[in-house]
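**Student:** coordinates only, no sequence provided:
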């Protein structure tokens with residue numbers, strides 16, 4: 001197995017290994033998991049495996065966390081379908097961490113490329129750990145004292161505005177009232193601190209006035225995704241990406257329309273940010 005860094009702040013390519021081998025070896029999986037925590041996002045090329053094998057690999061990371069808004073791959077119980085077509089284009093175009101609207105957001109997220117556009121459709125990741133470390137000590141202390149509110153409805157407002165959208169997502173809305181998370185969270189495995197707000201699900205900072213909250217959040221959103229904190233993946237069929245959702249944000253680049261893009265996703269249960 002070979003590991004090659006993909007960028008300065010985060011990311012690594014892992015080669016000369018396949019998912020089936022990893023599923024079959026506890027020692028090898030332990031290495032992969034440690035690499036995912038260290039590099040925050042890993043990329044594997046040429047992983048042409050059945051969804052059931054991909055699901056088994058994902059389950060090695062922990063219990064699977066479902067998502068109320070996505071269909072499931074037939075023949076599996078945990079593999080979600082993320083698909084963008086000319087008739088139903090992707091609506092998520094902003095930087096975010098997955099499912100921070102929950103009390104215990106995912107620890108890891110995995111994507112497996114299925115149908116990849118001939119051009120475009122990259123994904124970008126940002127290290128919220130690096131972003132925190134590059135703040136001044138004064139701002140680190142200030143933001144560490146604050147709490148942010150995250151809301152499912154904020155992230156799915158376009159879907160809710162569609163005809164029948166509110167009815168379709170009524171159960172998800174009821175199950176996911178707004179939650180509070182610290183603006184700076186501590187990674188439960190490394191002890192490192194990272195910024196934990198995102199433009200998709202964060203609505204405001206609890207301790208600040210409305211205008212103060214808006215300005216502070218805009219500063220953080222821009223700071224986290226500064227170029228020096230990011231890495232970019234150009235997808236190929238059967239590429240797998242695994243990222244630590246506790247310390248990163250990501251963003252799809254929707255520059256491939258009207259081409260077809262289809263991914264298989266699994267999210268892994270996490271713990272309450274602290």
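**Tutor:** Arrived safely, thanks for sending. Everything numeric here is computed off the predicted structure, so don't read it as measured data. Residues are numbered from 1 along each chain as shown.

**Student:** in stretch 130-145, what's buried?
**Tutor:** By neighbour count on 16 or more other CB atoms under 10 Å, the buried set for stretch 130-145 is 130-132, 134-135, 143-144. Quick note: C-beta positions are derived from backbone N, CA and C, even for glycine.

**Student:** scratch that, stretch 14-23 is what I was asking about
**Tutor:** Residues of stretch 14-23 classed as buried by neighbour count (16+ other CB under 10 Å): 14, 17-19, 22-23.

**Student:** inside strands: which ones of those residues?
**Tutor:** Counting by DSSP state E, the buried residues of stretch 14-23 place residue 14 in strands.

**Student:** quick one, which of the buried residues of stretch 14-23 has the minimum pLDDT?
**Tutor:** pLDDT across those is lowest for residue 23, at 87.

**Student:** the buried residues of stretch 14-23 into TSV, with extra columns for distance to residue 42?
**Tutor:** Shown next, in TSV, are those (distance: CB to CB, whole Å):
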residue	distance to residue 42
14	5
17	11
18	14
19	12
22	11
23	15
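
**Student:** ok, back up a step: could you dump the buried residues of stretch 130-145 to a markdown table with pLDDT?
**Tutor:** Below are these laid out as a markdown table (pLDDT from 0 to 100):
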| residue | pLDDT |
| --- | --- |
| 130 | 98 |
| 131 | 98 |
| 132 | 98 |
| 134 | 98 |
| 135 | 98 |
| 143 | 98 |
| 144 | 98 |
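
**Student:** sitting in helices, which of those residues do you find?
**Tutor:** Using DSSP state H, the members of those that fall within helices are 130-132, 143-144.

**Student:** and the furthest pair within those?
**Tutor:** Pairwise distances among these were taken by CB to CB; the largest, 16.5 Å, belongs to 130 and 144.

**Student:** that older thread, residue 72: which of the buried residues of stretch 14-23 is nearest?
**Tutor:** Nearest to residue 72 among these is residue 19, at 19.2 Å by CB to CB.

**Student:** neighbours around the nearest residue to that closest one once chain neighbours are set aside, how many?
**Tutor:** Once flanking residues are discounted, residue 19 sits nearest to residue 57: 4.5 Å by CB to CB, 6 or more residues apart in numbering. Counted with other CB atoms under 10 Å, the neighbours of residue 57 add up to 25.
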